[in-house]
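>>> Here is a sequence together with a model predicted from it:
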Amino acid sequence: HQAQRYWPHAGITRDNVAGLQRTWVYRTGDIPAQRWGAETTPLKVGDSLYLCSARNIVIALDARTGQERWRYDPQVPDEAIPYTAACRGVAYHQAAPAPAGGAAPACQARVITGTLDGRLVAVDARTGTPCADFGDNGQVDISVGMGESFPGYVSITSPPTIVRGVVVTGHQVLDGQRRDMPSGVIQGFDAITGELRWAWDMGRPGQAGRPPEGETYTRGTPNMWTIASGDEQLGHVYLPMGNAAADYWSGSRLPFEDEYSTSLVALDVTTGQPAWHFRTVHIDVWDYDLGSQATLVDFPAAGAGTVPALLLPTKQGDIYVLDRRT
């Protein structure tokens, strides 16, 4: 979850890379069409590759041969597909060993992914079987508390980020429909049980749980459709936020929506409350959503040593270098 995309492997160099040859090809079976996108970045753990197809079929491959080990289809209905069917990847979680005399989790190692119809799904990394102890037989509905919605309005298109055992997810809210769209609330769930740990609803500052009976999370708020980063040591998760509903119109936005639209927000993963945020656009009416995951790096400090930093690219062509503590 540091988004470094780096491997210190000396065997492939600028001098021999032209000689690389394809070893294998795997086809997911989700044939790209006008509304389907092949956007997944496979995740390599041990000798397995984990990926998802456009409609959220989770697949494990033998990394050496490309042979399929298992697949799990969460059965996403076609009417749930927003502008495109896209799944950018999955997350992997290894449970801590069970205490003496305690029960081990149903899946010691699990793959967790989001779906286009707003579910988090956890399956056993060895077999692809749903983890029975996670939510309702392996799945959690993230739309609880959001109020009225329609198919395609709330979709998870990016992998969750897991920090300190908390599965943090945002979601895509369909653009250009109405001002009173479902909330962009960010939610943190227990990686083993699927229980809601907290929900960051910027319209209800200081409140971490679900809204009271008869109320909803604040509607129309900025959402995070892209990928968050996480710092296990600091306990922060870094959210590249998009716009409030009605991307190109700011006249009816509330002050907190302008404050957090197109901002990088650092949440304390223990409480779900903001530790700090950095605004990249003053009032965004150009749909300059932060679409890129921030990369965590150790940045050279003046004099000696390093600063824990992050690099944030933006749609404006600017790259920000920020101290990830502050």
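Noted; the coordinates are in hand.
>>> CA only for contacts and neighbour counts going forward, please
OK.
>>> Strands along the stretch 201-326 of the chain, start to end?
Secondary structure of the stretch 201-326 of the chain (DSSP state E, counting those that start in this stretch): strands located at 229-231, 236-240, 263-268, 274-279, 295-300, 306-313, 319-323.
>>> List the residues that contact Thr193.
Thr193 makes contact with Asp133, Phe134, Gly135 under the criterion CA atoms under 8 Å, 6 or more residues apart in numbering.
>>> Any idea what Thr306 is bridged to?
Pro300 (DSSP bridges).
>>> And it, how far from Asp298?
Distance, Thr306 to Asp298, by CA to CA, to the nearest Å: 6 Å.
>>> next one: Asp318
20 Å.
>>> now do Gln139
In terms of CA to CA, Gln139 sits 36 Å off from Asp298.
>>> Among those two, which residue is more densely surrounded?
For Gln139 and Asp298, the more surrounded residue by other CA atoms under 10 Å is Gln139, and the numbers stand at 23 against 13.
>>> Make sure that one is actually in contact with Arg119.
Yes. Between Gln139 and Arg119 there is a contact under CA atoms under 8 Å: 6.4 Å.
>>> any idea which residue sits dead centre in this protein?
In the chain, the centroid-proximal residue (CA atoms, centre = their mean) is Pro160; its distance is 3.2 Å.
>>> which residues touch Ala85?
Counting by CA under 8 Å, 6+ apart, Ala85 makes contact with Arg35, Trp36, Gly37, Ala54, Arg55, Leu116.
>>> Make a markdown table out of the strands of the stretch 201-326 of the chain and add distance to Asp78 and mean pLDDT.
Output for the strands of the stretch 201-326 of the chain, formatted as a markdown table (distance: least, CA to CA, whole Å; pLDDT from 0 to 100):
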| stretch | distance to Asp78 | mean pLDDT |
| --- | --- | --- |
| strand 229-231 | 30 | 97 |
| strand 236-240 | 28 | 98 |
| strand 263-268 | 32 | 98 |
| strand 274-279 | 36 | 98 |
| strand 295-300 | 34 | 96 |
| strand 306-313 | 33 | 96 |
| strand 319-323 | 37 | 97 |
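>>> so can I have TSV of those strands showing distance to Gly46?
Listed next are these as TSV, based on distance: least, CA to CA, whole Å:
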stretch	distance to Gly46
strand 229-231	21
strand 236-240	25
strand 263-268	30
strand 274-279	34
strand 295-300	23
strand 306-313	27
strand 319-323	32
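>>> Just tell me which of those ends up closest to Thr127.
Nearest to Thr127 among those is strand 229-231; the distance by CA to CA comes to 27.3 Å.
>>> same for the closest one, what does it pack against?
Packing contacts for strand 229-231, counted by 3 or more CA pairs under 8 Å, 6 or more residues apart in numbering; DSSP states H and E, involve strand 161-163, strand 236-240, strand 295-300.
>>> Tell me which of those is the most buried.
Highest mean neighbour count of these: strand 236-240, a mean of 28 (counted as mean count of other CA atoms under 10 Å).
>>> what about Tyr320, neighbour count?
Using other CA under 10 Å, the number of residues around Tyr320 comes to 14.
>>> Who are the contact partners of it?
Tyr320 neighbours (CA under 8 Å, 6+ apart): Leu311, Leu312, Pro313.
>>> want to throw the helices and strands packed on strand 229-231 into a markdown table with distance to Arg219?
Shown next, in a markdown table, are those (distance: least, CA to CA, whole Å):
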| stretch | distance to Arg219 |
| --- | --- |
| strand 161-163 | 23 |
| strand 236-240 | 19 |
| strand 295-300 | 30 |
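>>> so which of those strands gets nearest Gly29?
With CA to CA as the yardstick, what comes closest out of the helices and strands packed on strand 229-231 is strand 161-163 (26.6 Å).
>>> Please pull up the helix or strand immediately following that closest one.
Moving toward the C-terminus from strand 161-163, the next helix or strand (DSSP states H and E) is strand 166-169.
>>> For that following strand, which outside residues touch it?
For strand 166-169, contacts defined as CA under 8 Å, 6+ apart pick out 156, 159-162, 186-191, 197, 237, 269.
>>> quick one: that strand to chain centroid distance?
From the chain centre to the centre of strand 166-169 is a distance of 8 Å (CA atoms, centre = their mean, to the nearest Å).
>>> Just give the strands next to the next helix or strand after it in its sheet, each with its orientation.
Counting by DSSP H and E, the element after strand 166-169 in chain order, helix or strand, is strand 172-173. Note on strand 172-173: by DSSP bridges, its sheet partners are strand 154-155 (antiparallel).
>>> can you pick the most crowded of the contacts of Ala85?
Comparing the contacts of Ala85 by number of neighbours (other CA under 10 Å), Leu116 comes first, having 30 neighbours.
>>> which one is it nearest to, not counting chain neighbours?
Nearest residue to Leu116, sequence neighbours excluded (CA to CA, 6 or more residues apart in numbering): Ser155, at 4.3 Å.
>>> That neighbour: what's it in contact with?
Shown in contact with Ser155 (CA under 8 Å, 6+ apart): Ala80, Ile81, Pro82, Thr115, Leu116, Asp117, Gly118, His171, Gln172, Val173.
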